[in-house]
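[1] Here's a sequence, model it:
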Amino acid sequence: LETLESLANHNERENEEIIGLRKTVERLENEKQAKQQDRLKFEMELEAVEENYRKEIDDLWSMVKSLQNENKHLSSSVSPETLSPASMIQMNFSCFTLIYELRSLQVFQLVDTRKSMRLHISYFTEGYMKESFGGGRTHRLLLYMLVCILESLFSAPRDEDLTVMIELRELSNKQKEQIKELQRDIETYSCEVENLHNSIEKLIRQNEELLRKNASLQKQGRMLVEEKSEIIKRLQQTEEANFKLTKLFKDASRQCKDLQQSQQEDNDNAPRFTLAELREVLQEKNLLKGKVLELEEELEQLRPSRRPGSAGSDANQELENK
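    Numbering: from 1, shown residues only. Prediction:
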């Protein structure tokens, strides 16, 4: 009876353990399904985040490449002995800038609290390690190392890190504002360049018009030069004719002066009368005219009685005598 009781008790304990194990298995299966769902959800969220921040990661990779190229250039141009502390600090600052930019991504904000984050990391890494390495010591060691690394990455930053991150965020915002201002300046410059291009085209058209006008003015200038040469030729001919006329005028003036001098000499030698003598001469002239008229009348009266030839000859003789 005691043996049966002990066996019954042992059987009950085993049944209880079996039931507990079944519950544990069910619980683990439920947890596994929940983990799988969480894993699928995490992968979906991670894919969405990767899709959203792919461009930013590409930019960071380009930044890394540029920093590597710059580091190579600096290492090739400056030796470590001659490298100043300021340049070392600047290089370290560039590296830390890249690290904090990576840490500031919103991928690390998918889980709110540290506890849930640690559980999430543990479940995710444990399942991945079991699938990859099995459940041995290597699995536990790698799991512990990976959890430590991820916890150190996802751990809350220190005050100094927060300050640096805030400063870097402000610097990034300032640089974004500067980039926007530069883009606006570029747009303004592009508008100015377009306006200058239009002005240049307008000036080219004006230059062509001025060249055409200049050609016409040159043609008119050549015509004016030809006309000027013709006018100068005519002027020379006119001057020659004027010179000849001037010479003739001088000769005529000299001859006139000689004639005037000769006439003056003749007038000086001619007899001169007074006014009274001239009056007496005029009176005598008038008397003679009167007598001539009387004689003509007498001749007219005597003409029928005498022959015309004798009468005319007598009258002419009397007139000659008078």
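[2] tally of neighbours for residue 35?
    19 (other C-beta atoms under 10 Å). (C-beta placed from N, C-alpha, C; glycine too.)
[3] Same check on the one 5 residues further on?
    When neighbours are counted by other C-beta under 10 Å, residue 40 registers 10.
[4] Run through the neighbouring helices and strands of the strand or helix carrying residue 212.
    Assigned by DSSP states H and E, residue 212 falls within helix 159-269. Helix 159-269 is packed against helix 85-103, with contacts defined by 3 or more C-beta pairs under 8 Å, 6 or more residues apart in numbering; DSSP states H and E.
[5] State the mean pLDDT of the helix it packs on.
    Helix 85-103 shows a mean pLDDT of 47.
[6] Over to stretch 14-28?
    pLDDT averaged over stretch 14-28 gives 77.
[7] next one: stretch 36-48
    pLDDT averaged over stretch 36-48 gives 76.
[8] Export only the CA atoms of it, formatted as CSV.
    In CSV, the C-alpha atoms belonging to stretch 36-48 read as follows (Å, rounded to 0.1, in the frame of the first residue of the first chain):
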residue,chain,number,x,y,z
GLN,A,36,7.2,35.8,-34.8
GLN,A,37,4.4,38.3,-35.2
ASP,A,38,6.6,40.9,-33.5
ARG,A,39,9.4,39.9,-35.7
LEU,A,40,7.3,40.3,-38.8
LYS,A,41,6.0,43.6,-37.6
PHE,A,42,9.5,44.7,-36.8
GLU,A,43,10.7,43.6,-40.2
MET,A,44,7.9,45.5,-41.8
GLU,A,45,8.6,48.6,-39.8
LEU,A,46,12.3,48.2,-40.5
GLU,A,47,11.6,47.9,-44.3
ALA,A,48,9.4,51.0,-44.1
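[9] mind listing what's buried in it?
    The neighbour-count check on stretch 36-48 (16 or more other C-beta atoms under 10 Å) flags 39, 42 as buried.
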